[in-house]
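[1] model this:
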Amino acid sequence: MADITKIRNIGIIAHIDAGKTTTSERILFYTGKEHKMGEVDNGNTTMDFAEDERRRGITIKSAATNCVWRDQSINLIDTPGHVDFTAEVERSLRVLDGAIGVFCAVGGVEPQSETVWRQANRYKVPRLAFINKMDRVGADFDGVLAAMRQKLHATPVVLTMPWGSQNDLCGVIDIIRMKALQFDEESLGKNVIEQDIPTGLISQAKAYYHQLLDTLANFDDEIIEKFSSGTLRETDIKKSLRLATLQGKIHPTLAGASFRNKGVQNLLDAVVDYLPSPMDMPPITGFHPKTEKTVTCKVDDEKLCALAYKTTFDKHGDITYIRIYSGTLEEGGQIYNPVRQKAERINRLCYFHADHLINCERAGAGEIVGVVGLKYTITGDTLCHKSHPVILERMQFPETVISKAVEPKVTADKDRLLEALQIIAKDDPTFRSANDEETGQIIISGMGELHLEIIQGRIQRDHRVEVNVGKPRVSYRETITKAAEGESRMQKQFGGREHFAYLRVKVEPFAKTLEIVNVLSAEEVPKTYHEAILDGIKSAASNGDLAGYPLLNIKVTIVRGEAHPTASSEMAFNRVAFEAFKNALAKAGCVLLEPIMALQIQTPLSYVGDVINNLHARRAIIASMQLQGDLQLIGGKVPLAEMFGYSNTLRTLTQGRGGYNMEPLEYLAVPKEIQDKLVW
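    Below is the predicted model:
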C-alpha cells in the first residue's frame, strides 16, 4: 500500500484535440513508466488502447494508470474530450482529488472545455491549467488566460510562460525561480537545460511574477509583508499557492507543447507541489441505509468505505474500478454492497496500467484499484463492511438525446444481442436499450451519433453479433403546462380476496426532471405501501399521454390516501398510484419537448453567410459571433432533430475547412406546427 500523504489522484480533462492523451504519454515517459512515447497519429498510445480509439485518434473510455514523480505516487486518469462520452469525465471527476485542465493555445476555451470545467466545479476538484500547443501557428497564451477568466470564471496564475511561440518555441520561463528552461531534443525533452532569462523576456516574466504575488495577496497577507521586507522565499510562495489551489481560489497555469516535449516536467512538479493528497481532502459523507443518518468517513478510519465509479467488460472479464476512501481491501476478502444488499467476494485485486492489470494483495485509503469478477455491483454503488453500512451519493448522468432501432441480421442471434446490450448498459450509464412494444423493435439510445456508432461496433466486434441499424431519431420528452389533480380508488374482489387503496395526487410544472413529494402520514397509509406508491408513479411517468415519451420537469405531490387494515396491498397501491398520476396528467395537458444543443461552428470568413443561412433553416438561434484570427466562431443553440448529417453539409458549405461542436443544453417545447406532424 502507498503512503497516503504521497498519493495524487488526478485526471486530465479537456476539449477534444487539446492534447490530453499526448500529454499523458509524455507523463508516462518522463516518469519512467514507459520507455517509448506513443503518438495519437500513429495509433500506438498506451492510454488510448481500444481499437476504436486508435483507429479514430480520440479517447472514448477513461483510462487509469500509476506513475511516480519525485517520490510521489500519481494515479492518473486520461478522460475523453468528445461530448458524447462526457459520462466518462463525470465518473472520473467523482473520485479524483485534483485535475489538469488542458487547453489548446490556438482554440482556447472550447465548448467541451467549459463542460468539463463545470463538472469539476460541481465536485469542487482543485485544478491546474496547462496551455498546450504553444508551438502551433496562431498560439495565443494571453488570449487563453483571458478566455479562462471570462468563460470559466477561473483565476489563472502563471507559473511558466512560453519562451517564444509557434515554430520558434524554445522552451518555458519559470516565473517563481526566474529561470529559462530548454528541453533537449536528442533526449526527447528528458534533459532540462536551465539558463538565465533572455533580456527581451525579463519584463514580461516580472509582470507575471507581480501578478502572481498580487493574486496570492488577496488570500494571504503575509505574502506582501515578506515581499516588502525582502524576506519572501520560494517556499513561502509555494506554500501560499498550494493553500489557495486546494481551496479552489486560484488555478496555477503552465505553458508548453506536449508533442514537442516541452514543459511537461514542470506540469508534473506542479501536480506534486499544488494538487492535494487524499489527506488534504475533506472526509466524504454518506448516509446509513436503514436510519438515513449522515455517516462521515475519514481517510484514517479502519472501517471500509469505497465507491465503484466504473464497471467494464473486456478481455479480463468484469472489472470494477474502485476508489477507496477509508479502510482497506484485501484479495480473497468479502465486502458488502448496501445498495444491492449483496455480499461480494474479492477474487482478484489489482492496479491499472491502461489495459494491463497488476496484481496486488492489499490496497488502502486514497488508492484507485480494480476488482475482477464482482457479480452485483454497478457504477455508483458503495462498498463497505456489513457491520458498518454506508451509502455514498450517487452520480448524476445526462438524459439520452438520440435513438436508433437495432436488430440482429440473423434472427437466431436475438438473445445474444439482448445479452450484449445488457452488458454494455452496465458499463455505460448513458446508454439505454428497450423493446418498443408497438413495433417489436429493439431501441438503443445514447448521447450522440458517434456514441451509438461506437456501441454498434462493440456489439459486432466484442460480442460477435452482426446487426442492422436504423436511421437515428430524436429522444423526445413530454411535460405539462399547468397544475392539476387526479385520484384513483380500487375496491375489488379478485384472487380470492378483497383489494383496497385510494390516492389523490397533484402534478405541477417544475424545474427538475421528476420530483415526487410524499406527504402521506403513516396513519393515512402505512409506510409498508409507500415504496409501491413511488414505483407506480415512476412507472406512469416513463410514458407521457401525448406520444408515450418519458416525462420531464414535473413535481408530483401525493396529497391524500386511504388504506384498509386488512384489504390493502402493495399491488393495490401501485395500481392506484399509476392511475391517479395518469388522471392528473390528462387534466394538466402534455406538450412535446425536444433536445436543444449548444453549438459552436468554426468557419473561414468567406463562408460565414452561407453557414448562417443554413443554420436559420435548421431553426438555430445565433447567440455570438467572434473573430479568431482569419476564422469566425459562431455560437448558438439548435434543435438536435435538425442536425443529423450536418457534418457533411458543413464540409460542402466551407469546402472542407469548417468544423463544429455540439453538446446537450436543455429541453424546450417543440413548435406546435412541428408537434402536430410528430404526434398523430
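
[2] ranges for the strands of the stretch 551-680 of the chain?
    Using DSSP state E, counting those that start in this stretch, the strands found in the stretch 551-680 of the chain span residues 554-562, 590-604, 621-628, 631-639, 659-669.

[3] the second one pairs with which strands, parallel or anti?
    With DSSP bridges as the test, strand 590-604 is paired with strand 477-480 (antiparallel), strand 631-639 (antiparallel), strand 659-669 (antiparallel).

[4] need those strands in JSON lines (columns: mean pLDDT and distance to Ala354).
    C-beta here means a position set from N, CA and C on the backbone, and glycine is covered the same way. Listed next are the strands paired with strand 590-604 as JSON lines, based on pLDDT from 0 to 100; distance: least, Cβ to Cβ, whole Å:
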{"stretch": "strand 477-480", "mean pLDDT": "93", "distance to Ala354": "38"}
{"stretch": "strand 631-639", "mean pLDDT": "92", "distance to Ala354": "35"}
{"stretch": "strand 659-669", "mean pLDDT": "86", "distance to Ala354": "27"}
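
[5] reformat the strands of the stretch 551-680 of the chain as TSV; add mean neighbour count and distance to Ile455.
    Output for the strands of the stretch 551-680 of the chain, formatted as TSV (neighbours: other Cβ atoms under 10 Å; distance: least, Cβ to Cβ, whole Å):
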stretch	mean neighbour count	distance to Ile455
strand 554-562	20	29
strand 590-604	21	18
strand 621-628	12	31
strand 631-639	19	23
strand 659-669	17	17
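
[6] nearest to Phe352, of those?
    Closest of the strands of the stretch 551-680 of the chain to Phe352 is strand 659-669, at 28.2 Å (criterion: Cβ to Cβ).

[7] need the contact partners of that closest one.
    Outside strand 659-669, the residues that touch it by Cβ atoms under 8 Å, 6 or more residues apart in numbering are 15-16, 83, 86, 110-112, 115, 398-399, 401, 447-448, 477, 479, 552-553, 591-603, 637-640, 643, 646-647, 650.

[8] hang on, the earlier thing: tabulate the strands paired with strand 590-604 (JSON lines), appending distance to Ile60.
    Formatted as JSON lines, the strands paired with strand 590-604 follow (distance: least, Cβ to Cβ, whole Å):
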{"stretch": "strand 477-480", "distance to Ile60": "27"}
{"stretch": "strand 631-639", "distance to Ile60": "25"}
{"stretch": "strand 659-669", "distance to Ile60": "16"}
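
[9] ok, the spatially closest residue to Gly98 that is not a sequence neighbour - contacts?
    Nearest in space to Gly98, with sequence neighbours left out and distances taken as Cβ to Cβ, 6 or more residues apart in numbering, is Leu275 at 3.4 Å. Contact analysis of Leu275 by Cβ under 8 Å, 6+ apart lists 8, 10, 97-98, 126, 128, 245.

[10] do the same with Ser277
    Contacts of Ser277 (Cβ under 8 Å, 6+ apart): 4-8, 97, 366.

[11] next one: phi and psi at it?
    Backbone torsions for Ser277, taken as degrees, to the nearest 10, come to phi -90, psi 170.

[12] Ile358 versus that one, what's the distance?
    21 Å (Cβ to Cβ, to the nearest Å).

[13] could you do Ser165 as well?
    According to Cβ to Cβ, Ser165 and Ile358 sit 40 Å apart.

[14] the two: which is more packed in?
    Neighbour count, other Cβ atoms under 10 Å: between Ser165 and Ile358, Ser165 has more, with 19 against 12.

[15] now that one: how far from Lys404?
    The gap separating Ser165 from Lys404 is 45 Å, by Cβ to Cβ.
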